[in-house]
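>>> Predicted model and sequence below, questions to follow.
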Amino acid sequence: MKETASHSNTPVFAENHSCTKPVLYQHPTAAEMRTSRWAIVWANAKDFAVFIATALICWLVITSILVGLFGG
C-alpha cells in the first residue's frame, strides 16, 4: 500500500497559463459612482440625530452649571 491520501480538492492543471483578461481594471460607470437617495437621506438623518443629542447634552450641562452657581 503505497497510496497516499490526498485531502485537497485542488484540480490538477495540464499547463501553467494565465486566466486573466487583457483589461484588468475598468473605471466605474456613472451609475456605479452615484450614491442612492436613500443613503443620503439616512446619513443626513443620523447626522441630525447626533447634532440634536449633542445640543441637548450641552444644554443640560450648561443649565446645571448655571443652576449650581446661581441657584434655581
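Alright, I've got the coordinates.
>>> now the strands: where do they sit in this protein?
Counting by DSSP state E, the chain has no strands at all.
>>> Quick one: low-confidence residue ranges for it.
Scanning the chain with the threshold set as pLDDT under 70 gives 1-8, 11-13, 16-23.
>>> Which strands or helices does the longest helix seen in the chain pack on?
Across the chain, the helix with the greatest residue count (assigned by DSSP state H) is helix 37-70. With contacts defined as 3 or more CB pairs under 8 Å, 6 or more residues apart in numbering; DSSP states H and E, helix 37-70 has no helix or strand neighbours. No exception for glycine: its C-beta is placed from N, CA and C like everyone else's.
>>> And it, what's buried?
For helix 37-70, the buried set under the neighbour-count rule, 16 or more other CB atoms under 10 Å, is empty.
>>> Tell me the spacing between Trp59 and Asp47.
When CB to CB, to the nearest Å is applied, the distance between Trp59 and Asp47 equals 19 Å.
>>> nope, Ser64 is what I was after
To Asp47, Ser64 is 26 Å away according to CB to CB.
>>> do Ser36 as well
In this structure, Ser36 and Asp47 are separated by 17 Å, where distance is defined by CB to CB.
>>> Same check on Arg34?
Arg34 sits 20 Å away from Asp47, going by CB to CB.
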